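# give me the fold of what follows.
(one chain, ligands or ions: 1)
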Amino acid sequence: MRIFSGIQPTGRKHLGNYIGAVEQYVAGQERGEGIYCIVDLHATTVPYDPVALRSDVHDLAAVLLAAGLDPQSAILFRQSDVAEHTELQWLLMSATAYGELTRMTQFKDKSAQHEFISAGLFSYPVLMAADILLYRTEQVPVGDDQRQHVELTRDVAQRFNARFGETLVVPEGYYPPVGARIMDLQNPERKMSTTGGSPQGTVYVTDEPEAIIRKFRTAVTDSGREIRHSPDKPGISNLLEVLAAVRGTSVAALEREFDGSGYGDLKLAVGESVATYLAPVRERYGALRADEQGLERTLERGAERARAIAAETMRQVRGAMGVGPVG
Ligand code: TYM
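Now for the predicted structure:
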């Protein structure tokens, strides 16, 4: 089973990224051949600082390794090291409808946040499709917010195959059963996010344990008393999902366990569990991040392995589309 996913380097990684995605990458190593890409090219589609971008890539590589990605088995690499991503993006643009891109909710949200709306931001989902399709990916572990992009990737692959002959593998999205959409602790109607969230409501992977416990203690909930997962209780539902994800149990089991307890008990239990869950990651992160040369070597080796797969897909795509030399 070939598994591929991408993650943006900019901004500090938070609990939503960790539970919704990173944890799934690590678990994916057991299910199949994992390929994980730090998507620095995606990060250039909104205003950013070029110097910070380089160091953000290292921060993220260290987080992923600290989480338990094994670069001996999985492939971990930086997107811009493999030029085939942008070549395939261009070729897939012709198999993507303008109208499809105008319907992307992430484009609508992000373009509302910026004055200068780059063409890169608009065509971002096609680069994402190229990332996935380049590796003949079967499964794409992502959080719920990437569902529309994965569906677009499937549509583009099917359209390409119908027009140019069976060339691309049509991938499936893989969404974690709990924690595919972790919400902001201060505003549980909004997803936890680096750009749109509140600082107090966002738990970072490298937060100190006391800060994590404090953020959960002050999490916004409703004024009721019942600990139950339901749409009219977004705050409590989010806390139950986070606890279920970090403990590896079900929301139903937690509802039984906390039956009759107060909201304060639940907040404390989640805060302590998350602090314990992230503490070893934070410790390993420190040592890994300090070794910049080691991180670069890991990314370079990953890029070499990624290129070998990408080059073969491009040979087939060029052949099918009639571009480039014969063969
Ligand atoms: P990005 O970098 O915004 O997020 C990385 C991963 O974290 C997940 N995620 C969440 N999961 C649960 N709850 C949340 N609050 C939450 N916030 C983020 C995201 O769903 C994602 O899985 N476009 C992608 C990056 C990308 C990609 C790809 C992904 C580029 N190419 C190819 C998969 C395959 C993005 O911006 O994710």
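
# just the mean pLDDT for stretch 65-82, thanks.
For stretch 65-82, mean pLDDT rounds to 97.

# got the residues of the stretch 101-250 of the chain near the ligand?
Contact residues (Cβ under 6 Å from any ligand atom) of the stretch 101-250 of the chain with the ligand: 128, 131-132, 140, 142-143, 145-146, 149, 180-182, 191-193. The C-beta positions use only the backbone N, C-alpha and C, and glycine is treated the same way.

# in strands, which of the residues you listed appear?
Among these, DSSP state E puts V140 in strands.

# contacting residues for the spatially closest residue to D184 that is not a sequence neighbour?
Among residues not flanking D184 along the chain, G201 sits closest, at 3.9 Å (Cβ to Cβ, 6 or more residues apart in numbering). G201 sits next to D184, L185, Q186, N187, M192, K215, A219, V220 when contact means Cβ atoms under 8 Å, 6 or more residues apart in numbering.

# what is the mean pLDDT for stretch 278-295?
Rounded mean pLDDT across stretch 278-295 is 97.

# send the alpha carbons of that stretch over as CSV?
Taking Å, rounded to 0.1, in the frame of the first residue of the first chain, the C-alpha atoms of stretch 278-295 are listed here in CSV:
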residue,chain,number,x,y,z
LEU,A,278,3.2,15.5,23.8
ALA,A,279,6.0,15.6,26.4
PRO,A,280,8.2,13.0,24.8
VAL,A,281,7.7,14.6,21.4
ARG,A,282,8.8,17.9,22.7
GLU,A,283,11.9,16.4,24.4
ARG,A,284,13.0,14.5,21.3
TYR,A,285,12.3,17.7,19.2
GLY,A,286,15.0,19.7,21.0
ALA,A,287,17.8,17.4,20.2
LEU,A,288,16.7,16.7,16.6
ARG,A,289,16.2,20.4,15.8
ALA,A,290,19.7,21.3,17.0
ASP,A,291,21.3,19.1,14.4
GLU,A,292,20.7,21.1,11.2
GLN,A,293,23.1,19.1,9.1
GLY,A,294,21.6,15.9,10.2
LEU,A,295,18.1,17.2,9.2
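
# list the contacts of it.
15, 18, 58-59, 61-63, 65-67, 205-209, 212.

# just these now: which is nearest A253?
Nearest to A253, judged by Cβ to Cβ, of the contacts of stretch 278-295 is L15 at 20.6 Å.

# the closest residue to L243 other than its chain neighbours: how many residues sit nearby?
Excluding the flanking residues, the one nearest L243 by Cβ to Cβ, 6+ apart is V270, at 4.7 Å. Using other Cβ atoms under 10 Å, V270 has 26 neighbouring residues.

# correct me if wrong: V270 contacts A245.
No: counting by Cβ atoms under 8 Å, V270 stays clear of A245, with 10.2 Å between them.

# excluding covalently adjacent residues, which one is nearest to L254?
Closest residue to L254 apart from its sequence neighbours, by Cβ to Cβ, 6+ apart: L240 at 5.3 Å.

# oops, could you answer that again for S237 instead?
That would be H229: by Cβ to Cβ, 6+ apart, it lies 4.6 Å from S237.

# could you list every residue that touches that neighbour?
H229 touches I236, S237, L240, E241, V251, E255, counting by Cβ under 8 Å, 6+ apart.

# the residues you listed in helices, which ones?
Among these, the ones falling in helices (DSSP state H) are I236, S237, L240, E241, V251, E255.
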